[in-house]
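S.K.: kindly generate the corresponding structure for this input.
(one chain, ligands or ions: 1)
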Amino acid sequence: MKPLLHELARTKPLLGDGAMGTQLMIAGLEQGNCGEEWNLTHPDRVLAIQRRYADAGSDCIITNTFGGSRIMLNRHGSADRVVEINRAGVEIARAAFNGRAGYVIGDIGPFGGLMEPYGEFTEDQVREAFEEQAQALVDAGADAVIVETQTSLEELLLGITAAKKASAPCIIGSMAYDVTLDGSTFRTMMGIDPERAAAFMVEQGADVIALNCGTGMNMERAREAIQRYKRVTDRPVMAQPNAGLPKLVEMKVVYDETPEQMVCGVVPLLEAGANIIGGCCGSTPEHIRAFRTVMDQYFVHAK
Ligand SMILES: [Zn+2]
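M.R.: Presented below is the predicted three-dimensional model:
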């Protein structure tokens, strides 16, 4: 039996994967189309991306199911395929490891709207959508469920509760912070700071306290967030920053941090106590490969 992800993460730093969305675009997905449907229509292309991450040394791969909840899929007319799309997402990520014992993290992203009284969705609709997705991911054999790119505690709670109800072996809560205009600090769009988010996640039973994506959240900001998490909790913590900032080059969105630049932030993140490190938007297999090299050296020295 392999150890639970959050147990293994306490014994040595683990490497996550890099971006999926920007990689799908490179593989031909058009803006506005449904990347999660590719788990059924183009499984070979999703597998090729994830295999590059596995080959680069990822210990954990996040499924291509960010928008795999009923509410998100409904925007593409695929609400009747929630279970199939999520199951295929887990199977493809598992296949990417090619028999190696990696961890498949089932991905639940935001439902993409606002709940009443601010928006059009009821809490029940969101709860049901997350429960259905979490159950599909766990039934398909996911080793963990990550509720990611979250900005409100209400939505985060629905995701964590759904993962719990589905008996996910490991539950990761991951917030998206934005650096404030004056650059002095960062908080989520809904005004939540890292200490509050971490305390809330611990209280609600998340096994790993994470952050990903966000505006201006580079490796240095991620290190600060990890430090602030560690003041509140001794649970494993995880960081997946973007590869710098998005820029429009020839009508295409590219991220401006090279693997060489981004990798400079890996040791500081490890020293701050990060247990799992990966990348969000704009990070590539080359970024992850660079992380692997540095993490292996660090681990050897740390022993
Ligand atoms: Zn991102």
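
S.K.: leaving aside the residues next to it on the chain, what's closest to the spatially most central residue of the chain?
M.R.: Most central in the chain under CA atoms, centre = their mean is residue 148, positioned 5.3 Å from the mean C-alpha point. Take residue 148 and drop its neighbours on the chain: the residue closest to it by CB to CB, 6 or more residues apart in numbering is residue 174, 4.0 Å away. In this view, the C-beta of every residue, glycine as well, is placed from N, C-alpha and C.

S.K.: helix/strand/coil for that neighbour?
M.R.: With DSSP: H, G, I helix; E, B strand; the rest coil as the basis, residue 174 sits in strand.

S.K.: what bridges to it?
M.R.: Residues in a beta bridge with residue 174, per DSSP bridges, are residue 210.

S.K.: ranking helices and strands of the protein by mean pLDDT, which lands last?
M.R.: Least confident helix or strand of the chain, by mean pLDDT, DSSP states H and E, is strand 252-255 with a mean of 84.

S.K.: can you give me the helices for this structure?
M.R.: Secondary structure of the chain by DSSP state H: the helices cover 5-11, 21-26, 38-41, 43-56, 70-74, 82-96, 123-139, 153-165, 194-204, 219-232, 259-263, 266-271, 285-302.

S.K.: neighbours of residue 183, just the number please.
M.R.: Burial measure for residue 183: 9 neighbouring residues, criterion other CB atoms under 10 Å.

S.K.: relative to the ion, how far out is it?
M.R.: Using CB to the ion, to the nearest Å, we find residue 183 at a distance of 20 Å from the ion.

S.K.: phi, psi for that residue please.
M.R.: Taking degrees, to the nearest 10, you get phi 80, psi 0 for the backbone angles of residue 183.

S.K.: circling back: how about TSV for the helices of the chain, with mean pLDDT, distance to residue 246 and mean neighbour count added?
M.R.: Output for those, formatted as TSV (pLDDT from 0 to 100; distance: least, CB to CB, whole Å; neighbours: other CB atoms under 10 Å):
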stretch	mean pLDDT	distance to residue 246	mean neighbour count
helix 5-11	98	29	18
helix 21-26	92	9	18
helix 38-41	98	22	19
helix 43-56	98	19	20
helix 70-74	98	21	20
helix 82-96	98	25	23
helix 123-139	98	27	21
helix 153-165	98	24	22
helix 194-204	98	23	19
helix 219-232	97	16	21
helix 259-263	97	14	18
helix 266-271	98	21	19
helix 285-302	91	15	17
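
S.K.: shouldn't residue 140 be in contact with residue 92?
M.R.: No: using CB atoms under 8 Å as the test, residue 140 is too far from residue 92 to be in contact (10.2 Å).

S.K.: so what's residue 299 up against?
M.R.: Residues near residue 299 by CB atoms under 8 Å, 6 or more residues apart in numbering: 12-13.

S.K.: residues contacting the residue nearest to residue 254 when sequence neighbours are not counted?
M.R.: In this structure, residue 254 finds its nearest non-sequential neighbour in residue 247, 5.7 Å apart by CB to CB, 6+ apart. Counting by CB under 8 Å, 6+ apart, residue 247 touches 253-256.

S.K.: doesn't residue 114 make contact with residue 120?
M.R.: Yes: taking contacts as CB under 8 Å, residue 120 lies within contact range of residue 114: 7.4 Å.

S.K.: neighbour count for those two, which is higher?
M.R.: residue 114 (13 against 9).

S.K.: identify the residue nearest the more buried one in space, chain neighbours excluded?
M.R.: Using CB to CB, 6+ apart, the closest residue to residue 114 is residue 121 (7.0 Å).

S.K.: give me the distance between that neighbour and the ion.
M.R.: In terms of CB to the ion, residue 121 sits 23 Å off from the ion.

S.K.: for residue 225, same thing?
M.R.: For residue 225, the distance to the ion - CB to the ion - is 14 Å.

S.K.: same question for residue 297.
M.R.: Distance, residue 297 to the ion, by CB to the ion: 27 Å.

S.K.: ok, residue 93 next?
M.R.: Going from residue 93 to the ion by CB to the ion gives 18 Å.

S.K.: one step back: which one of the helices of the chain lies closest to residue 104?
M.R.: Minimum separation from residue 104 across these (CB to CB) falls at helix 82-96, 4.5 Å.

S.K.: for the closest one, name the packing helices and strands.
M.R.: When contacts are defined as 3 or more CB pairs under 8 Å, 6 or more residues apart in numbering; DSSP states H and E, helix 82-96 sits against helix 38-41, helix 43-56, strand 60-62, helix 70-74, strand 103-108, helix 123-139.

S.K.: this completes my enquiry, with thanks.
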